[in-house]
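**Q** I would like to see how this sequence folds:
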Amino acid sequence: RLKHLYLTIATLAGQFILQYLFVQWESLTKGPEGIMLPRATLFGLDVKGDRAFYYVIFTCFVIMTWVAVNLIRTRYGRAFIAIRDNDRAAEGMGIPIFRYKLLSFAISSFYAGFAGGLAAYYIGSITPEPYTLFLSIEFIAMIIIGGLGSIPGAVFGAIFITLLNEILSHATGFFMNIDALTKIALTIAPLREFVFGLAIVLFIIFEPRGLAEVWRIIKSSFKLWPFSY
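**A** Below you'll find the model as predicted:
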């Protein structure tokens, strides 16, 4: 029954509830200490080092993106699009709204769980510390900046936010190494949340369809180049 911003807020509320349960349920999760994981293996081979994990994660990314792109072309994907655009009209066309919404949540949860499993093996443990409210805001920023309802937009948004994080981290580290600029570094560090919020607001105002729409315009320009008529 929830839609748009209300669904986002409800999801964030669910995160707090589940995080509290996982921390308190020490018999299952070992509480704040978390669960240590064994070294990751793939077909009996140890996956160790950043480069090995990069190849594994990139391969998984390509496969999962391919699955998502092809899912949109099926009747399930068309039903998802119809419900997204106008759920009442979709229901009038005979699409079972509840079943397809439940299926979409199941698929998105599978993607999130799969990515979380890869992240846990990369870190080497499962603890509540990395999964903060700000991380959820980062994911929301990726979707809004990349473009809602777009698979390329999700990729572009993730790249944009990751690069923005790296730029801010390197800028802070650079200024911290210079005594005269230490105060500037201490000022930049807390600006991370401000920069993310500003980026979201700017995209909502000037390009609500996100980077996916920018990419579509660029592709169209190259298709018409050098003649614009």
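**Q** for the chain, where's the lowest mean pLDDT among helices and strands?
**A** helix 182-188 (a mean of 65; mean pLDDT, DSSP states H and E).
**Q** That one: what's the following helix or strand?
**A** Next along the chain after helix 182-188, taking DSSP states H and E as the criterion, comes helix 191-206.
**Q** Can you name every helix or strand that that following helix contacts?
**A** For helix 191-206, the packing partners by 3 or more CB pairs under 8 Å, 6 or more residues apart in numbering; DSSP states H and E come out as helix 133-146, helix 151-176. C-betas here are computed from N, CA, C, even on glycine.
**Q** How about that helix, which residues are buried there?
**A** By neighbour count on 16 or more other CB atoms under 10 Å, the buried set for helix 191-206 is 192, 196, 199-200, 203.
**Q** Quick one: residues in contact with that helix.
**A** Helix 191-206 is touched from outside by 134, 137-138, 140-141, 144-145, 160-161, 164-165, 168, 210, with contacts defined as CB atoms under 8 Å, 6 or more residues apart in numbering.
**Q** among these, which ones are buried?
**A** Looking at the contacts of helix 191-206 with 16+ other CB under 10 Å, the buried ones turn out to be 138, 140-141, 144-145, 160-161, 164, 168, 210.
**Q** could you dump the contacts of helix 191-206 to TSV with pLDDT and distance to residue 29?
**A** Shown next, in TSV, are the contacts of helix 191-206 (pLDDT from 0 to 100; distance: CB to CB, whole Å):
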residue	pLDDT	distance to residue 29
134	79	22
137	82	24
138	85	23
140	84	25
141	86	28
144	88	31
145	89	33
160	91	33
161	90	28
164	87	32
165	84	28
168	79	32
210	88	36
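**Q** how about CSV for those residues, with distance to residue 105 added?
**A** Listed next are the contacts of helix 191-206 as CSV, based on distance: CB to CB, whole Å:
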residue, distance to residue 105
134, 23
137, 20
138, 21
140, 16
141, 21
144, 19
145, 23
160, 26
161, 23
164, 29
165, 28
168, 33
210, 22
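**Q** which one of these sits closest to residue 14?
**A** Nearest to residue 14 out of the contacts of helix 191-206 is residue 140 (CB to CB; 14.1 Å).
**Q** Residue ranges in this protein under the pLDDT threshold?
**A** Residue ranges of the chain with pLDDT under 70: 1-5, 44-45, 175-190, 224-229.
**Q** Domain parsing of it, as residue ranges.
**A** By the assignment in automatic domain parsing, the chain contains the domains 1-33, 35-128, 132-229.
**Q** Mean neighbour count, those: which tops it?
**A** For the domains of the chain, the largest average neighbour count (mean count of other CB atoms under 10 Å) is found in domain 132-229, namely a mean of 14.
**Q** Report the distance from that domain to the chain centre.
**A** Distance of domain 132-229 from the chain centroid (CA atoms, centre = their mean, to the nearest Å) equals 13 Å.
**Q** What of stretch 126-144?
**A** What separates the centre of stretch 126-144 from the centre of its chain is 8 Å, taken as CA atoms, centre = their mean.
**Q** Past the helix or strand residue 17 falls within, which element shows up next along the chain?
**A** When elements are assigned from DSSP H and E, residue 17 belongs to helix 4-24. Sequence order places helix 26-29 as the next helix or strand after helix 4-24, per DSSP H and E.
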